[in-house]
Structure formats: C-alpha cells, structure tokens
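*Asks:* this one's structure only:
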C-alpha cells in the first residue's frame, strides 16, 4: 500500500471514528463557509455533501436560531471550542431538527472550526418539550416557555465560553400609562418594549413578560441593562406626555457556578427568577436587586447542600402509615425524606422541587432509596414491618443510569422483595412512557409493587394510568377533599375508584384527617387512607405496631 493510500485510509478511519459520536461532521472556515461535510445530510438536511460545499453553514440552521448561532460562534472564537450546545438545523421542508453541537478550532487547519453534530430529539429540558407560547401584546415568551428556552440557551451560551445573566425589568407606572393611551399606542408601546428586550437577549428571543409591568430576559454579561432601561423610558415618553412618569428598574442575576455544570447553572438562574416572580409582590422596589441576589446565593447554597446530602446519605426517613379503610390495620407506609442540620425543621418539598428543576433529583432519589432500604433492614430485624413505599421522581424513572442502578440494587437484594414499593411522583416529567413502563414491569416481576401518585391532578392522569401498568393509585388531596365536600365530587371519586378496581388496581386517598372523612372514602370504594387521622410521619414506624395486621393477612408482592 502506497503512502498516499495509507494516508487516505487513516483519514477514512478518523472520519469513521467520528461517527461513533456524531451524525454530521463539518469543517468551516473563518467566514463559516463549509469546506468539508460528511454524514446523513440527505436525510437530515435534504442535500448531498457535495452540494453543500462552499455554502454558508447558516443556510442549514433554522432561521429561529440564526442570531443564536452568531452569538455562539462569536463567543466560542475566544474559547476556541463549543461543548454540546443546542441548535436547531433546518431540515427538509424547513422543519426544525434538534441537535447537540460540539467543536473546536484547529490551528493547523487555518484555524478552521471542526464540528460534530448529533441529532438529539430528547435532549433534557424542564420535563417535556412543550410548544412555545408568546404573549399577544409584547410577542415575548410566557413564563413557562421562557423557562424552557432560557435554560437551554443559557446552557449553550456558557458552554460556548460566554458569561450569561438573567435580568428582571420592572417598569413602574406602566399600567397607568397603558390605561391613559389608546389601543393603538398601547399595542405599539408594548411591541417596542418586547423588541428591545428580545434584541438584547441571547438568540434574539429569550425574553418574557412576567406580568403587566414586569419582564425578564437572558443575556450576555456585557449587555448594559441601564441602557435598556433608558430605551424603555424613552419609548414611553414618545408615546404620550405622561410617559415621563415611567421608570424602568433592572435587577440582574448571575452565579458563581463552582461545583455546578453549565446546565445546572442555567437551571439555577431560571429557578431563582421563577421563585422571585412568584413572591415579588411583597418586595419593596428599592430592594429588588438585593432580594434577587440573596435568593440566587441561597439557591446555589441549597444546590450544594443537596449534592452533599446525596453523596453522604446524611438524611432521615420518616414513616407515614397508610391504613386499610375497612379493616383498620396499617397496610403499608410511605417513606418520606427529612433533611438534617439547618433544614431539619423545614418541609423537604422546596428542596425536592429545586433538585428536580436543577437536574440533580436522580442523585437525591438514589440516596433516599439506599437510606430507605437501610432503615427497613434495621426495623425488620426488630419486628415485622409492613411494606414501605419509596418516592421516585418521573425524571429519575426516565434516566437510564438511575434505573440500571436501581434494577441491579433490587436484583441483589431479593430479601427486600414484597417489603418495598415505589411511588411515582412528578409523572409529568416522564418523556417516554412505553420505555419507563417496560422498566417498571421488570421491577414488578421481582415482587416490588408500583404506585402512581397524585392521580386526578390534571387531565394527563388518565394518560399515565393508560401508559403505566401499576398496582396502586393514590388520589390527589384536592380530589379527596372535593369528594368529601360535594356530592358531585364524591360521585366522580367513586367512578374513578370503580375504574381502578376493574383494572385490578388498589386505591389510596390522601389527606384523610378524621373518622367521618375516612368512612366517606370507604363508601366511595377507596381501599386505603393516608392522613393525620391514621398517624403523622415518624422516624420509628414501630410506634404503629399496635395497628399492624397479623403477618398472614398482609398482602405482600404482586397480585
């Protein structure tokens, strides 16, 4: 084989190896013109590689991401590389093709950019990828859509080497001005405010209208928010003489991401902004910046706490009894996490929500599973213990590594079969129901029962019940309360309970607080009740031993 043939063979080998990670490979010159391309371009982009050479790379990026593309390459020019950033290609017929792009400059090749592109339709966001919704007046994203887009774009911007921030703009007296001007001027002013914020945001459309006079946008660190405030005030003054009273005030969030991934930094920023917006009505205007900064510091601190607890398993499990409504005995317990130290007297709810939103819930869930197994072992050595249900987030169920670890853990602990159950929480975060259901069935075959939590809380509940084969459903507290308070609510609960029984599924009512309510739930056909009437969460489940049924009467394992 000649030297030229060997060289050609080596090039072919390197290209082949590259496709282990990528669907498309590009080499771009300094003007971002394509000098080399390989991969499934006919399928993904509608053109053969030879047709694409000498074309602008931007020709194959979806128009909605053109501005983001320019910003990412501009930022990456300093760092020299892109690390798994998200961009939408323009597929055949103009459809978006969601991808992850990595690449770097190679000095030996005229400092050209080499890119590896992987199609990634299920790339993680805050749960499912929902259609984006915009405010009709400003054309800015609504808050939920903003959370979805901003977290992804801030992550990409940071991975390209940029420093991203999220700012809130409070426009004082805007509501008064809008009530003064006519409909045409109102539409014009709000549209122009939206344009100013979008133009200065990452990607050109990462801004949101929070409420009537408050807005937020994700942007590069070098964006001058004071100049944006001045632009908004000038727009108001141009619309109407009373516009002089309008005052725009910005508060900006950034974060020291030590110990956090780029994705976690982005999510922490958005989480903090969301929580601030939920409670901003009680904050004085002159304290907005200090409060936001304090909340961001607290978010980062709490993320660090969760990560440390997940690693050390330094947490407690409290046991809350769930009783048979007809026979009165404890059928099983729900294991509830309780944190120690400065968070010992707090509800864990907000920490768990933070873990889900920042993307570290899998680690926390695994720590809770391990600790729960440890505590169940401990108490079973003393006395018979009814099964214990452990909560698992829908996000964890959709994580391949988490489920692989859990499956092995259960397979290696056959003695726990029938003594542990798993309760699915936050089912809305499950993206692939058939895939998750397949895994759940393998767990059920090992005699670990599965419960679906918060049933009845939203129209999607029936989709999850249809897509997931489970042993127990737990009706959401508000559904239970309505069933107790109104005849119609009771009829609906009875109908849903009968449906579950027809499917060979047992039912639980939560928030059962007294004996009349317990009797009413039994009359509605509910099997088990949970609430303070039966007992509060306690670190020692054996205090409820007087209500344990004889071992022969406890149903253990699948039906």
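*Replies:* Perfect, I can see it now. Fair warning: this is a prediction, and the values are worked out from it, not measured in the lab.

*Asks:* okay, now the domains of this protein?
*Replies:* Dividing the chain into domains by automatic domain parsing, as the record does, gives the ranges 3-119, 143-303, 313-553.

*Asks:* Could I get the ones you listed in JSON lines, plus columns for distance to residue 132 and mean neighbour count?
*Replies:* C-beta coordinates here come from the backbone N, C-alpha and C atoms, glycine included. As requested, these are arranged in JSON lines below (distance: least, C-beta to C-beta, whole Å; neighbours: other C-beta atoms under 10 Å):
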{"stretch": "domain 3-119", "distance to residue 132": "10", "mean neighbour count": "16"}
{"stretch": "domain 143-303", "distance to residue 132": "4", "mean neighbour count": "19"}
{"stretch": "domain 313-553", "distance to residue 132": "17", "mean neighbour count": "18"}
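
*Asks:* Mean pLDDT added to those domains, as TSV?
*Replies:* Compiled in TSV, these are given as follows (pLDDT from 0 to 100):
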stretch	mean pLDDT
domain 3-119	83
domain 143-303	84
domain 313-553	92
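
*Asks:* Compare these and give me the one nearest residue 131.
*Replies:* Between residue 131 and those, the shortest separation by C-beta to C-beta is 8.1 Å, and it involves domain 143-303.

*Asks:* Any idea how far apart the tips of the closest one sit?
*Replies:* For domain 143-303, the first-to-last residue distance is 23 Å (C-alpha to C-alpha, to the nearest Å).

*Asks:* That one: how far from the chain's middle?
*Replies:* Chain-centre distance of domain 143-303: 21 Å, with C-alpha atoms, centre = their mean, to the nearest Å.

*Asks:* a markdown table please, covering the domains of the chain and showing distance to residue 133.
*Replies:* As requested, those are arranged in a markdown table below (distance: least, C-beta to C-beta, whole Å):
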| stretch | distance to residue 133 |
| --- | --- |
| domain 3-119 | 15 |
| domain 143-303 | 5 |
| domain 313-553 | 17 |
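
*Asks:* The nearest residue to residue 477 once chain neighbours are set aside in helix, strand or coil?
*Replies:* With C-beta to C-beta, 6 or more residues apart in numbering as the measure, residue 511 is the residue that lies nearest to residue 477, at 3.9 Å, once sequence neighbours are left out. Here residue 511 is recorded as coil under DSSP: H, G, I helix; E, B strand; the rest coil.

*Asks:* quick one: residue 511 from residue 398, how far?
*Replies:* The spacing between residue 511 and residue 398, counted by C-beta to C-beta, to the nearest Å, is 28 Å.

*Asks:* Pull the residues that contact stretch 147-157.
*Replies:* By C-beta atoms under 8 Å, 6 or more residues apart in numbering, the surrounding residues in contact with stretch 147-157 are 68, 71-72, 75, 85-87, 123, 125-126, 129-130, 132, 141, 164, 166, 202-203, 205-206, 208, 218, 220, 262-263, 265-267, 269-270, 274.

*Asks:* cutoff 7 Å now
*Replies:* 68, 71-72, 75, 85-86, 125-126, 130, 132, 141, 164, 166, 202-203, 206, 218, 262-263, 266-267, 269-270, 274 (C-beta atoms under 7 Å, 6 or more residues apart in numbering).

*Asks:* what's the answer for stretch 484-500, then?
*Replies:* Residues from elsewhere that reach stretch 484-500 (C-beta under 7 Å, 6+ apart): 456, 473, 475, 479, 482, 483, 507, 517, 520, 524, 525, 526.
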